[in-house]
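J.: Provided below for reference: sequence and predicted model.
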Amino acid sequence: MDWTDDAIVLSARKHGESSAIVQLLTAERGRHVGLVRGGAGRAQRGTLQPGNLVRAHWQARLEDHLGGYRCELVRATAAAIFEDRSRLAALSSACAVTEAALPEREPHGNIHADTCALLAALEAADEGAALAAYVRWEISLLADLGFGLDLTRCGATGSEENLIYVSPRTGRAVSAAAGEPYKDRLLRLPGFLLIADEAPVRSELAAGLLLSGHFLDSHVLAPHGRTLPPARLRLLDRLSADS
């Protein structure tokens, strides 16, 4: 059995003396794991940095075996943003969340495409826009996994005006008036999620992470006994501390 696919490196963990167990997000086969011989060595360490785009060739005797990878570097995203701590934190978080949230070997072409777009935004956009793209990426991830949020109208009244809350139970937006009696129990809906070109401040970005993180934790990870990965918690801490 063998195949070749475009992929994003999610993680590489040392195995034995010099090999690495590598998790990839592939374009056609979803999250897929394999062994890279020599992957812990200096020659391949740069290629296998989380967030890098690679062309991966997988081979195994049987389809359900671990199999081995050969990976050719296409773009070194991690190196391109290495000196920007906020962008690097978002990159690490995206890779860790993807690895934790996706079942192995289940195709998710939309998630691969969205993640490639996020990596491009982390490289090219200004910091605020890049981090806003990260929050939107998490919300798109939820939708692709079947837990889409409805932020277009109030779940209680149907109004499209003054949407400032989200119900933590239903994932639907709530207007200021309808949510006033329950505001202590509702999640904050940051404005940049409603207006695409709005430049968010750090407190708005942190609110967006709290919003998407609630649903990732409760709907995607907790049913499988998982929690938000440390890299994701560090990103929230960073934005909360700076806001």
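T.: That came through, no problem. Numbering: from 1, shown residues only.
J.: Next, the buried residues of the lengthiest strand in the chain.
T.: In the chain, taking DSSP state E as the definition, the longest strand is strand 2-15. Residues of strand 2-15 classed as buried under the neighbour-count rule (16 or more other C-beta atoms under 10 Å) are 5, 6, 7, 8, 9, 10, 11, 12, 15. For glycine as for every other residue, the C-beta is placed from the backbone atoms N, C-alpha and C.
J.: The closest residue to the first one other than its chain neighbours: what's it in contact with?
T.: It refers to residue 5. Nearest residue to residue 5, sequence neighbours excluded (C-beta to C-beta, 6 or more residues apart in numbering): residue 26, at 4.4 Å. The contact partners of residue 26, by C-beta atoms under 8 Å, 6 or more residues apart in numbering, come to 5, 6, 7, 32, 56, 112.
J.: pLDDT wise, what is residue 26 at?
T.: For residue 26, the model assigns a pLDDT of 98.
J.: Residue 126 too?
T.: In this model, residue 126 carries a pLDDT of 88.
J.: what would the buried residues of strand 2-15 look like in JSON lines with distance to residue 89 and pLDDT?
T.: As requested, the buried residues of strand 2-15 are exported to JSON lines (distance: C-beta to C-beta, whole Å; pLDDT from 0 to 100):
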{"residue": "5", "distance to residue 89": "28", "pLDDT": "96"}
{"residue": "6", "distance to residue 89": "25", "pLDDT": "97"}
{"residue": "7", "distance to residue 89": "22", "pLDDT": "98"}
{"residue": "8", "distance to residue 89": "17", "pLDDT": "98"}
{"residue": "9", "distance to residue 89": "17", "pLDDT": "98"}
{"residue": "10", "distance to residue 89": "16", "pLDDT": "98"}
{"residue": "11", "distance to residue 89": "16", "pLDDT": "97"}
{"residue": "12", "distance to residue 89": "19", "pLDDT": "95"}
{"residue": "15", "distance to residue 89": "26", "pLDDT": "91"}
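J.: any idea which of those residues is closest to residue 230?
T.: Proximity to residue 230 was ranked across those by C-beta to C-beta; first place goes to residue 11, at 12.3 Å.
J.: Tell me how far residue 114 lies from residue 13.
T.: 25 Å (C-beta to C-beta, to the nearest Å).
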